[in-house]
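S.K.: Below are the sequence and a predicted model; questions follow.
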Amino acid sequence: MATSSDAKKLSYEAARDELAEVVTALEAGGVSLEQSLKLWERGEELATICQEWLDGARAKLESIKPAQ
């Protein structure tokens, strides 16, 4: 997994893929409560990164959409 300092450098696809890994690990269980919390926090960071990418893409599309 990437570190928090690497988070802002992640592409949408990399963040999405890592988020899927985090979800899989959480669903599988078998990790300590402390590790589960760390995974959850990382998942929150990754979800935020994905949302920022999607919001940026939406804004870009809105800016080039012809006026109606």
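M.R.: That came through, no problem. Numbering: from 1, shown residues only.
S.K.: With adjacent residues omitted, what lies nearest to the spatially most central residue of the chain?
M.R.: Within the chain, the residue whose C-alpha comes closest to the C-alpha centroid is L46; the distance, by Cα atoms, centre = their mean, is 2.3 Å. The shortest distance from L46 to any residue that is not its chain neighbour, by Cβ to Cβ, 6 or more residues apart in numbering, is 4.0 Å, and that residue is L19. Every C-beta, even on glycine, is put in place using the N, C-alpha and C of the backbone.
S.K.: count of neighbours near that neighbour?
M.R.: Using other Cβ atoms under 10 Å, the number of residues around L19 comes to 19.
S.K.: Check which helix or strand the residue nearest to the centre of the chain maps to.
M.R.: Of the helices and strands defined by DSSP states H and E, L46 is found in helix 33-64.
S.K.: So which elements touch that helix?
M.R.: Secondary structure elements in contact with helix 33-64, counted by 3 or more Cβ pairs under 8 Å, 6 or more residues apart in numbering; DSSP states H and E, are helix 4-7, helix 12-28.
S.K.: Please report how far E21 lies from P66.
M.R.: Plainly put, E21 is 40 Å away from P66 if you go by Cβ to Cβ, to the nearest Å.
S.K.: Give me the neighbour count for L26.
M.R.: A count of nearby residues for L26, using other Cβ under 10 Å, gives 15.
S.K.: ditto for E13
M.R.: Residue neighbour count, defined by other Cβ under 10 Å, stands at 10 for E13.
S.K.: which regions of the protein sit below the pLDDT cut-off?
M.R.: Along the chain, the model assigns pLDDT under 70 to residues 1-8, 67-68.
S.K.: Good, we can wrap up now.
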